[in-house]
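> no sequence on this one, just coordinates:
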């Protein structure tokens, strides 16, 4: 695992004003690049974080909670930059960024690394026990340039019980640093973990804020796709991700799924195509997309319940082919 490269572009970088550079090679000063006040649509979160810095009341653990793509990761980066008062955020030795990983050939690879490897993802990524141990070891050493160390755990809800309990043990002990948990599903975290964190809430953006953000990051073409904007539900990061994901799904498959299949043979054929052509994350995305496409069918035949059951089954690593066959089987 590597230490935090704060200049990696993520979907949460979409919630910044024009002066916020999205160039991964940028080393401009904090005054231009990493200011909490530049984040759009998150006044409460920004106010809480700036107040903590101003009054020097940084707590040992935070929970940044809210929908995906609304600025949680960006806020964590800006928070660290302002606390440490540093200009170049790349490879800061006193910051550690942990994100869910896959195991491939006995190595832990994050989302971008597994995508670059060309390996088809068949299971969800996780925060693993080895990564929690890395956090403990990191916080046990003295800071090099900052007053203390900061760890960020992204998608913290993806911790299995062993990792969650190990993190809880770390939180229960006095630490000379701060842990920031980022989660879009905080209800999946252990209550004993969330009770030890200060909550920083993040909201979905309104239409005007969505327009500003997408214009600022050069993705204004998405504004011409009202179905994507509606699907994103106030998350500019999701709007970008959904738009790009939509381009990655074979058009022939999307055409077959305009409405639920009416015959068993068609359902079986589509289920086979989905298993062969789409990886795990594409399949999860497709289930969300079908909730939008099939909204006229959701009021009867229990389609909404069936879609939710299919998603839960995939997350529990059931056979994808079986999940889709059960979902698409005509009543």
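Yep, that arrived. Here the structure is a predicted model, which is why all the values come from computation and not from measurement.
> May I see the buried residues of whatever helix or strand residue 212 lives in?
Secondary structure assigned from DSSP states H and E places residue 212 in helix 207-216. By neighbour count on 16 or more other Cβ atoms under 10 Å, the buried set for helix 207-216 is 209-214, 216. Backbone N, C-alpha and C define where each C-beta goes, glycine included.
> Please apply the same query to stretch 276-295.
For stretch 276-295, using 16+ other Cβ under 10 Å, the buried residues are 278-287, 289-290, 293-294.
> What lies in contact with that stretch?
For stretch 276-295, the surrounding residues in contact (Cβ atoms under 8 Å, 6 or more residues apart in numbering) are 120-124, 227, 230-231, 242, 245-246, 248-250, 253, 257-260, 274, 298, 303-304, 307, 310-311, 314-315, 320, 324.
> Distance from the chain centre to the helix holding residue 212, please.
Relative to its parent chain, helix 207-216 has a centroid offset of 20 Å by Cα atoms, centre = their mean, to the nearest Å.
> Closest one of the buried residues of helix 207-216 to residue 162?
For the buried residues of helix 207-216, the residue nearest residue 162 by Cβ to Cβ is residue 213; the value is 37.9 Å.
> measure that closest one to residue 37 for me?
For residue 213, the distance to residue 37 equals 15 Å [Cβ to Cβ, to the nearest Å].
> swap in residue 226?
31 Å.
> And residue 247, by the same measure?
Note on residue 247: its distance to residue 37, by Cβ to Cβ, is 34 Å.
> who's more crowded, these two?
Each of residue 247 and residue 37 has its neighbours counted (other Cβ atoms under 10 Å); residue 37 has more, 11 against 8.
> OK, contacts around the more buried one?
If you count contacts by Cβ under 8 Å, 6+ apart, residue 37 has them with 46, 50.
> what's the neighbour count on residue 36?
20.
> Now that it has come up, it's in contact with residue 51, right?
No. Assessed by Cβ atoms under 8 Å, residue 36 is found out of contact with residue 51, at 10.5 Å.
> can the buried residues of stretch 276-295 go into TSV with extra columns for pLDDT and distance to residue 330?
Formatted as TSV, the buried residues of stretch 276-295 follow (pLDDT from 0 to 100; distance: Cβ to Cβ, whole Å):
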residue	pLDDT	distance to residue 330
278	90	21
279	85	26
280	86	25
281	83	27
282	89	24
283	91	20
284	89	23
285	87	24
286	92	18
287	91	18
289	85	20
290	88	15
293	79	17
294	81	13
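> And the lowest mean pLDDT element among the helices and strands of this structure?
Here the helix or strand of the chain ranked lowest by mean pLDDT, DSSP states H and E is helix 30-33, holding a mean of 46.
> what's the longest strand belonging to the chain in contact with?
Criterion DSSP state E: the longest strand present in the chain is strand 177-183. Identification of contacts with strand 177-183 by Cβ under 8 Å, 6+ apart yields 58-65, 72-73, 76, 79, 135, 139, 143, 148-157, 170-171, 189, 193, 197.
> where are the low-confidence patches of the stretch 151-300 of the chain?
296-300 (pLDDT under 70).
> Much appreciated, bye for now.
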